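Colleague: make a model of this:
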Amino acid sequence: MLGYILRRVLGLIIVILLASMIAFFLMHAVPGGPFDELKMPLPEAVKKEILKKYGFDKPIWEQYLNYIWNALHGDFGVPFQSPTETVLSLIARVWPVTLQIGAVTIFLSFSIGILLGIISALKQNTWLDYLITTIATLGTTVPNFVIAIWLILFFSITLRWLPTGGWGEPRHFILPVMSYLLAPTAVITRFVKVNFLEELRKDYVRTARAKGLPEKTVIFRHVFKNALVPIITMLGPMIPDLATGSIFIEVTFRVPGLGKFFYTSALNRDYPMIVAMILLIAILWGVTYLITDIIYAYIDPRIVFT
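Modeller: Numbers count the residues shown, from 1 in each chain. As a prediction, the model looks like this:
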């Protein structure tokens, strides 16, 4: 197990370096820049001083090496859109907002998705199963920004129950979480249903029923545990996805989170901020997948890592 973890950590380091390299060179290959003449008309002497200050007067490969060296020492630069603070301090300030929405969404999506999946499996081919399947299909096919617009039209404009956006009050949570919620809930519902139906057809379930065990004991003591073990594999991708925010949702609802700042960073060619956020996403994906694999092996003894 230790050797497997060390190999995965080494692979994660390589992936992070490749992600930083691709992001850095692609951003500099895009026409325009943070100090473009169209955005900021400046005298030539002033512009040269600014480029020198941020190291843009050096070759691209030297800029990248300097960035990596500084990043290894905890210095990810200064965001151009907020020059009074560092990249790390800006991320530390806005990330908790995204994490709050993501944590609520993960909890509700798994709770509701598991419940609906079990009901759909136990009531297969009934009107309740068809209703849940229809809702799950809509959740996996309709984009979350479309759902966000529908929610604003219905709850904010038509009924006037909730604000169209903003942050700072508990009611500002509701619409962003509802917009996030449908897609992961739908995926979990369909996944749980398929696993439950597969477990219900296995020999150990028929044996338990033949021995006269109550149906509740068969379902909740035996089927429930075996059917939900694969759910752990879904938790891995969902955590970094929801923990880093959605550009569409946060911009639509004016939520000052990580997704919104990623959008503004891309618009303003804020190179330090973009690279730092891409590195953050890569690290989150790698770490969550590693933890997921370890937990899965712990729960299911049949899985052995060499």
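Colleague: what comes up buried for the helix or strand harbouring Val192?
Modeller: Val192 belongs to helix 174-200 when elements are defined using DSSP states H and E. Using 16 or more other CB atoms under 10 Å as the test for burial, helix 174-200 gives 174-193, 195-197, 199-200. Just so you know, the C-beta spots here come from the backbone N, C-alpha and C atoms, and that holds for glycine as well.
Colleague: which elements pack onto that helix?
Modeller: Using 3 or more CB pairs under 8 Å, 6 or more residues apart in numbering; DSSP states H and E as the contact test, the elements touching helix 174-200 are helix 87-122, helix 127-141, helix 144-151, helix 224-228, helix 232-243, helix 247-252.
Colleague: switch the cut-off to 6 Å
Modeller: The elements that helix 174-200 packs onto, with contact taken as 3 or more CB pairs under 6 Å, 6 or more residues apart in numbering; DSSP states H and E, are helix 87-122, helix 127-141, helix 144-151, helix 224-228.
Colleague: out of these, which is the most enclosed?
Modeller: Neighbour counts (mean count of other CB atoms under 10 Å) averaged over each of the helices and strands packed on helix 174-200 peak at helix 87-122, with a mean of 19.
Colleague: angle of that helix against helix 174-200?
Modeller: Orientation note: helix 87-122 sits at an angle of 50 degrees relative to helix 174-200 (axes from the mean of the first three to the mean of the last three CA atoms, to 10 degrees).
Colleague: which elements pack onto helix 87-122?
Modeller: Secondary elements touching helix 87-122 (3+ CB pairs under 6 Å, 6+ apart): helix 127-141, helix 174-200, helix 232-243, helix 258-267, helix 271-299.
Colleague: hang on, the earlier thing: and Met273, which of the helices and strands packed on helix 174-200 is closest to it?
Modeller: For the helices and strands packed on helix 174-200, the distance to Met273 is smallest for helix 87-122, at 5.7 Å, taking CB to CB.
Colleague: that older thread, nearest to Ile68, out of the helices and strands packed on helix 87-122?
Modeller: Closest of the helices and strands packed on helix 87-122 to Ile68 is helix 271-299, at 9.8 Å (criterion: CB to CB).
Colleague: off-centre distance for the closest one?
Modeller: Centroid separation for helix 271-299 versus its chain: 10 Å, with CA atoms, centre = their mean, to the nearest Å.
Colleague: mind listing what's buried in it?
Modeller: Buried residues in helix 271-299, counting neighbours by 16+ other CB under 10 Å, are found at 271-283, 285-290, 292-293, 296.
Colleague: what about that helix, average pLDDT?
Modeller: Here helix 271-299 scores 80 as its mean pLDDT.
Colleague: before we move on, what about stretch 19-33?
Modeller: Rounded mean pLDDT across stretch 19-33 is 78.
Colleague: mind saving the C-alpha coords of that stretch as CSV?
Modeller: Below are the C-alpha coordinates for stretch 19-33, written out as CSV (Å, rounded to 0.1, in the frame of the first residue of the first chain):
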residue,chain,number,x,y,z
ALA,A,19,-0.7,21.3,-15.9
SER,A,20,1.3,24.4,-14.8
MET,A,21,3.4,24.3,-18.0
ILE,A,22,0.4,23.9,-20.3
ALA,A,23,-1.6,26.6,-18.6
PHE,A,24,1.4,29.0,-18.5
PHE,A,25,2.4,28.7,-22.1
LEU,A,26,-1.1,28.6,-23.5
MET,A,27,-2.0,31.8,-21.7
HIS,A,28,1.0,33.6,-23.1
ALA,A,29,0.2,32.3,-26.5
VAL,A,30,-3.3,33.9,-26.5
PRO,A,31,-3.2,37.4,-28.2
GLY,A,32,-3.4,40.3,-25.9
GLY,A,33,-2.2,40.7,-22.4
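Colleague: kind regards, and thank you for your time.
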